[in-house]
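Turn this into a structure:
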Amino acid sequence: MTRVLTVLVLVWLVIGAAAAYQRDYFSDKRTNCAEAGTIAVTVAAGPLNYTGLNPKVKDCETPDVDTPEPSR
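Numbering: from 1, shown residues only. Okay, the predicted model is just below:
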């Protein structure tokens with residue numbers, strides 16, 4: 001039962017990734033928070049993308065955190 005569920009989830013995510021690819025979401029090298037969110041929800045929606053669902057993330061907040069810079 002677990003193996004069947006795992007295969008179903010993987011197939012679901014592959015179909016979602018194919019939908020994101022067909023919408024050219026992976027073509028942009030520089031991605032912001034909203035674009036990454038849109039890719040994530042499109043992949044998570046899986047086959048529902050082919051029923052007319054077109055999930056998008058319009059706005060997202062990035063926390064004000066000082067990210068350390070890599071050493072040179």
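
Every contact and neighbour count from this point should use C-alpha atoms.
Noted.

So what's the model's average confidence on the longest helix that the chain contains?
Counting by DSSP state H, the longest helix found in the chain is helix 2-22. Rounded to a whole number, the mean pLDDT of helix 2-22 is 96.

Can you point out the buried residues in the following helix or strand past that helix?
From helix 2-22 onward toward the C-terminus, using DSSP states H and E, the following helix or strand is helix 33-45. Buried residues in helix 33-45, counted by 16 or more other CA atoms under 10 Å: 34-45.

from those residues, which has minimum pLDDT?
Pick the lowest pLDDT in the buried residues of helix 33-45 and you get Ala34, at 85.

In the longest helix of the chain, which residues are buried?
Neighbour-count burial for helix 2-22, counted by 16+ other CA under 10 Å, picks out 12-20.

Which two among those residues are spaced furthest apart?
In those, the most distant members under the criterion CA to CA are Trp12 and Ala20, with 12.6 Å between them.

Would you mind listing the residues in contact with the nearest residue to Val43 once chain neighbours are set aside?
In space, Val43 comes closest to Gly16 once its chain neighbours are excluded; the distance is 3.8 Å by CA to CA, 6 or more residues apart in numbering. Under the criterion of CA atoms under 8 Å, 6 or more residues apart in numbering, the contact list for Gly16 reads 42-47, 49.
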